[in-house]
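> my questions concern the predicted model and sequence given below.
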Amino acid sequence: MPSATDPDLARLRFVLTRPSHPGNIGAAARALRTMGFERLALVAPARFPDPEATALAAGADAVLAAATLHPTLPDALADCTLALGLSARRRGVSLPELDPRTAAAEALAAARRGEQVALVFGNERTGLENDELARCHAMVRIPSVDDFSSLNLAQAVQVMAYELRMIELAAVPVAATAREPPAGGADMERFFDHLFAALHAIDFHKGRAPITIEKRLRKLFLRARPDARELRVLHGILGDAERMARLAGRTASEQAAQQGQDRAAGAGEGADGGQ
């Protein structure tokens, strides 16, 4: 029977982003513990540790004690190769949309392959912001009714923990894959920084605002899930593009300087001819 010491389950973490109420943190910890999970990550919680969190955990003190604190969502996802963001609403970020059962199956399959996986939940009032969802590989929507769609944070955590446990209890085998594991979140963020800097270096945007194309490129590469070796190749391509941009810039400057010298020399010759 799966337990908190199961290595597959240990690769799954539940990330609460900017939780406002410590009671919800405690209730989420209780929801995890009842389903055999222990990994809870908190991004910029309003109050934690807090007596209310301890009270609502109802004995899941070990989950609270082991909870990790992170200043930002990228920090919490730094070593994750798969991040699934929970959202009640379709937002401006175009992502693959999964139901909880499908998402749980994909999450557990990735964990069984040795990947670090995160289920990401948003703030109680606003949910996940667009820039937070943009750091996820897919969006998960719990199919609640349209006229009353908002679940309590701990309830949403319970739904996903339950779906994961049911799949684990079924012990469905996962086909082996020879593929290298995808790059982690921190490596992807370094790649995106390099990509966007290279686009700026080659003047790709031509004065246009870069935000739309950057979002689309982020979505494309998160969907592709490149591994570390593939990222090194991409970094090499970007590095060469930056080098050529620098050479082109120097050549243009040298040509401009030469033209200036030629004009000055021509003006001097004209002056001599008039004497």
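Sure thing, it's come through. The shown structure was predicted, so the numbers you read here are calculated from the model rather than taken from an experiment.
> I'd say Asp6 and Glu168 touch.
Yes - applying Cβ atoms under 8 Å, one finds Asp6 in contact with Glu168, separated by 7.4 Å. To be clear about C-beta, it is placed using only N, CA and C from the backbone, and glycine gets the same treatment.
> what is in contact with the two at once?
Shared contacts of Asp6 and Glu168 (Cβ atoms under 8 Å, 6 or more residues apart in numbering): Gly36.
> with neighbour numbers in mind, choose between the two.
More crowded of Asp6 and Glu168, by other Cβ atoms under 10 Å: Glu168, with 22 against 15.
> which SSE is immediately downstream of the strand or helix carrying the more buried one?
Following DSSP states H and E, one finds Glu168 within helix 153-170. The element immediately downstream of helix 153-170 (helix or strand, assigned by DSSP H and E) is helix 185-201.
> and the very next helix or strand once past that next one, which residues are buried?
Heading C-terminal from helix 185-201, the first helix or strand you meet, by DSSP H and E, is helix 211-224. Within helix 211-224, the residues that qualify as buried by neighbour count (16 or more other Cβ atoms under 10 Å) are Glu214, Lys215, Arg218, Lys219, Phe221, Leu222.
> before we move on, the earlier item: any chance you could list what contacts the helix holding Glu168?
1-2, 6, 8-9, 12, 14, 16, 19, 24, 27-28, 30-32, 34-37, 86, 100-101, 103-105, 107-108, 119, 121, 124, 140, 142, 151.
> so where's the stretch 101-250 of the chain uncertain?
For the stretch 101-250 of the chain, the stretches with pLDDT under 70 are 172-178.
> and the contacts of helix 153-170, which of them are buried?
Buried by 16+ other Cβ under 10 Å: 2, 8-9, 12, 14, 16, 19, 24, 27-28, 30-32, 35-37, 86, 100, 103-105, 107-108, 119, 121, 124, 140, 142, 151, out of the contacts of helix 153-170.
> any chance of the buried residues of helix 211-224 in a markdown table, with distance to Lys206 too?
Output for the buried residues of helix 211-224, formatted as a markdown table (distance: Cβ to Cβ, whole Å):
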| residue | distance to Lys206 |
| --- | --- |
| Glu214 | 15 |
| Lys215 | 18 |
| Arg218 | 20 |
| Lys219 | 22 |
| Phe221 | 22 |
| Leu222 | 25 |
